[in-house]
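Undergrad: The following comprises the amino acid sequence and a computationally predicted model.
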Amino acid sequence: MIGFLGTVIGMVQAFFAIASAGSSATIDSFASGIYAALVTTVAGLIVGIVAMFAYNYLVARVNKLMNRMEARTMDFMDLLNEPAL
């Protein structure tokens, strides 16, 4: 969300620079706004991609642990259901 916020702020800056310059608008007048938008977008994407990999790794570990717990629980239930001698 920070990358998206930065993109919106950068684009607002770029369009404000265009509006302020009027008919004499040049690429230099709004390039800094576009630059800010793109930098924050890249930063947001990097953070999001790293977070997605971390999330998937943690979910896989939790699922593995749950499967082991379920298997041990079933083994324990089988022990409880064995007939007494």
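TA: Yep, that arrived.

Undergrad: Tell me where the model's unsure across the chain.
TA: 1-2, 85 (pLDDT under 70).

Undergrad: need the longest helix for it.
TA: Longest helix in the chain by number of residues (criterion: DSSP state H): helix 27-81.

Undergrad: State the number of residues packed around Gly6.
TA: As a burial measure, Gly6 scores 19 neighbours (other Cβ atoms under 10 Å). C-beta: built from backbone N, CA, C; applies to glycine.

Undergrad: Just read off the phi/psi values of it.
TA: Note on Gly6: backbone dihedrals following degrees, to the nearest 10 are phi -60, psi -40.

Undergrad: which residues touch it?
TA: Neighbouring residues of Gly6 by Cβ atoms under 8 Å, 6 or more residues apart in numbering: Ala36, Ala37, Val39, Thr40, Thr41, Ala43, Gly44.

Undergrad: redo that, cut-off 10 Å
TA: For Gly6, the contacting residues are Ala36, Ala37, Leu38, Val39, Thr40, Thr41, Val42, Ala43, Gly44, by Cβ atoms under 10 Å, 6 or more residues apart in numbering.

Undergrad: quick one: contacts for the first one?
TA: Okay, so that is Ala36. Gly6, Thr7, Ile9, Gly10, Met11, Val12, Gln13, Ala14.

Undergrad: can you check the fifth one too?
TA: In this structure, Thr40 makes contact with Ile2, Gly3, Phe4, Leu5, Gly6, Thr7, Val8, Ile9, Gly10, judged by Cβ under 10 Å, 6+ apart.

Undergrad: how near is the nearest residue to it once chain neighbours are set aside to Ile18?
TA: With sequence-adjacent residues excluded and distances taken as Cβ to Cβ, 6 or more residues apart in numbering, Thr40 is closest to Gly6, at 2.2 Å. Gly6 sits 19 Å away from Ile18, going by Cβ to Cβ, to the nearest Å.

Undergrad: Understood, closing this out.
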